[in-house]
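*Asks:* Sequence plus the predicted model coming up.
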Amino acid sequence: MIERTWQSELAALIAAQEPKWIDFRRRLHQNPEPSGHEYHTSLAIYQELNSLGIDLRMGPEGRGVLAEWHTPHAEALPEAIAVRGDIDGLRIQDQKDIPYRSQCPGLMHACGHDAHATMALWATALIVELDRMGALPWPVRLRTIFQPAEETCVGASEMISVGALKEVREIYATHVDPMLPTGRIGLRVGALTASCDAVRILIHGLGGHGARPHESRDPIAAAAQLINALYLSIPRVTDSQDAVVLSFGRIYGGENLNVIPEQVELLGTLRTLDRDVRQRTIDHMHRVIEGVERATDTSIAIHFDVGTGAVINEAKPISHLKTAIVESFGHEAIYEIPRASMGGEDFAFYLEHVPGAMARLGCRSPSLDVAPLLHSPLFDIDEAVLAIGARTLASTVIHAFEPHEPHR
């Protein structure tokens, strides 16, 4: 008779439960909620977790859920391993022609948060069931964080403020990646994503008639000069091996085609991978602004609002992920990410308090050479990634509690 290990029990549970969790993810996909309004999503997650009989708390204002499980009748574990799944959708119209497309006009899960939440929930259920079966090899303490408002970079801080990281030793998260085929899992020690600052620039001039611009101090002309100067100069003052991306996504000023306005507002983002590079870039932007002010006789004010820092994966959590991935899927599943993404991710806020890591899970169907990218109105996942993510998270948590962990 072949001895059944916890790994084989885990694989059997996943195979038996996969249809249930695909259905759960589809229900989330059909009913997305925007950042700051994730009430029904939080309730659906709470109800599913409540059926497991574990300790639960709602997040601030009824958004988000904190779940806690520790092996009963074991010596108290002083610290937990945390798993985070984000739950908010985006204000994008779902254009997919599928039965489970979003039923909410102008809203969809275009960044995979429905998948992340499902993986975290499924991993939690797997650990609880293994524990109750007596199949876990050693005691485990798990904290699962279902976080709202990732897209607006405020949800992580909200959950931390209500104790999400209290007595947490390490934290893990996943992010689906349509650039990778299903079955490949991207890992990287060090910077995984960029810090992201919101940039707001107000240019005050003197309005006037469009026929007589010499009688005004044109803020639109100043905006054009400023954008051009920043876009041209920043690459010339930045080391070519340091990543900096400044992009303006909104320019607003004026109401009439023949009137020079008093004010123009620019909104954008500044993304960097290094704190010193970030500060040098901000200092340079101030110098450019001073020059444009003098040249255009306008008044320019710039404000930076830190959206999120860089996600920095630490080596030990990455080693736990690698152990789980190789054990479950083989060495060939691991994709070594060559360089950081310039996208932002508020998982970084957790990593300012405890070590952790985020894995990028390939979610492109093997039948496709190219798949719609994140934040696309056609974005979807190969649902086989749900089982891969749940197994990776559950295995990683279990391995993180291995007694007298050998050096790797």
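*Replies:* Thanks, I have it.
*Asks:* Now do the contacts for the closest residue in space to S341 that isn't next to it in sequence.
*Replies:* Sequence neighbours aside, T193 is the residue nearest to S341 in space, at 5.0 Å (criterion: CB to CB, 6 or more residues apart in numbering). For every residue, glycine as well, the C-beta is placed using N, CA and C. Contact analysis of T193 by CB atoms under 8 Å, 6 or more residues apart in numbering lists 310-311, 340-345, 348, 358.
*Asks:* for T193, helix, strand, or coil?
*Replies:* With DSSP: H, G, I helix; E, B strand; the rest coil as the basis, T193 sits in coil.
*Asks:* where's it relative to G309, distance?
*Replies:* As judged by CB to CB, to the nearest Å, T193 and G309 stand 9 Å apart.
*Asks:* Quick check: neighbours shared by the two?
*Replies:* By CB under 8 Å, 6+ apart, T193 and G309 have these common neighbours: A348.
*Asks:* does the residue nearest the centre of the chain count as helix, strand or coil?
*Replies:* When CA atoms, centre = their mean is applied to the chain, the residue found nearest the centroid is E345 (3.9 Å). Look at E345: counting by three-state DSSP, its state is coil.
*Asks:* ok, it touching H175?
*Replies:* Yes. Counting by CB atoms under 8 Å, H175 is a contact partner of E345 at 7.0 Å.
*Asks:* shared neighbours of these two, anything?
*Replies:* When contacts are counted by CB under 8 Å, 6+ apart, E345 and H175 are jointly contacted by M358.
*Asks:* how about the helices of the stretch 201-350 of the chain, start to end?
*Replies:* Using DSSP state H, counting those that start in this stretch, the helices of the stretch 201-350 of the chain run over residues 219-237, 275-296, 315-329, 348-351.
*Asks:* Same question for the stretch 1-150 of the chain.
*Replies:* Going by DSSP H, counting those that start in this stretch, the stretch 1-150 of the chain shows helices at 6-30, 39-50, 113-132.
*Asks:* Just say which of those helices is most tucked in.
*Replies:* With neighbours defined as mean count of other CB atoms under 10 Å, the helices of the stretch 1-150 of the chain peak in mean count at helix 113-132, which reaches a mean of 25.
*Asks:* got the angle for that helix vs helix 6-30?
*Replies:* Interaxial angle of helix 113-132 relative to helix 6-30 (axes from the mean of the first three to the mean of the last three CA atoms, to 10 degrees): 150 degrees.
*Asks:* Helix 113-132: how far from the chain's middle?
*Replies:* The chain centre lies 18 Å from the centre of helix 113-132; the measure is CA atoms, centre = their mean, to the nearest Å.
*Asks:* avg pLDDT for that helix?
*Replies:* Across helix 113-132, the average pLDDT comes to 98.
*Asks:* how big is the angle separating that helix from helix 39-50?
*Replies:* Angle, helix 113-132 to helix 39-50, by the same axes, to 10 degrees: 10 degrees.
*Asks:* Tell me who's in contact with the residue nearest to the centre of the chain.
*Replies:* By CB under 8 Å, 6+ apart, E345 lies in contact with 150, 175, 192-193, 308, 311, 358.
*Asks:* now for those residues, which pair is the farthest apart?
*Replies:* Farthest pair in the contacts of E345 (CB to CB) is E150 and L192. Separation: 14.8 Å.
*Asks:* Let me know the secondary structure of R200.
*Replies:* For R200, the assignment made with three-state DSSP gives strand.
*Asks:* pretty sure it is touching D305, no?
*Replies:* Yes. At 7.2 Å, R200 counts as touching D305 under the criterion of CB under 8 Å.
*Asks:* Now do the contacts for the residue lying closest to P60 once chain neighbours are set aside.
*Replies:* When the adjacent residues along the chain are set aside, P60 lies closest to E158, with 5.0 Å between them (CB to CB, 6+ apart). Residues near E158 by CB under 8 Å, 6+ apart: 59-60, 63-64, 147-149.
*Asks:* So which bits of the lowest-mean-pLDDT helix or strand in the chain are buried?
*Replies:* In the chain, no helix or strand scores lower on mean pLDDT, DSSP states H and E than strand 299-308, which sits at a mean of 92. For strand 299-308, the buried set under the neighbour-count rule, 16 or more other CB atoms under 10 Å, comprises 300, 302, 307-308.
*Asks:* Of the residues you listed, which is the nearest to L321?
*Replies:* The closest of these, once distances to L321 are taken by CB to CB, is T308, at 21.4 Å.
*Asks:* Hmm, the closest one is touching E352, no?
*Replies:* No. Taking contacts as CB under 8 Å, T308 lies outside contact range of E352: 9.8 Å.
*Asks:* thought V162 was touching M58?
*Replies:* No. If you go by CB under 8 Å, V162 and M58 don't touch, sitting 9.2 Å apart.
*Asks:* Overlap of the contact sets of the two?
*Replies:* Joint contacts of V162 and M58 (CB under 8 Å, 6+ apart) are L66.
*Asks:* between the two, who's got more neighbours?
*Replies:* More crowded of V162 and M58, by other CB atoms under 10 Å: M58, with 17 against 13.
*Asks:* Distance of that one relative to L66?
*Replies:* Shown here: M58 relative to L66, a distance of 8 Å by CB to CB.
*Asks:* okay, and the common contacts of these two?
*Replies:* With the criterion set as CB under 8 Å, 6+ apart, the contacts of M58 and L66 do not overlap.
*Asks:* who touches D177 in this structure?
*Replies:* Counting by CB under 8 Å, 6+ apart, D177 touches 186, 360-363.
*Asks:* Distance of E167 relative to T71?
*Replies:* Distance of E167 to T71, given as CB to CB: 15 Å.
*Asks:* who's more crowded, those two?
*Replies:* Neighbours per residue, other CB under 10 Å: of E167 and T71, the larger number sits with T71, 19 against 13.
*Asks:* Tell me the pLDDT of the more buried one.
*Replies:* If you check T71, the pLDDT there is 93.
*Asks:* what sits against it?
*Replies:* 77, 131, 136, 139-141.
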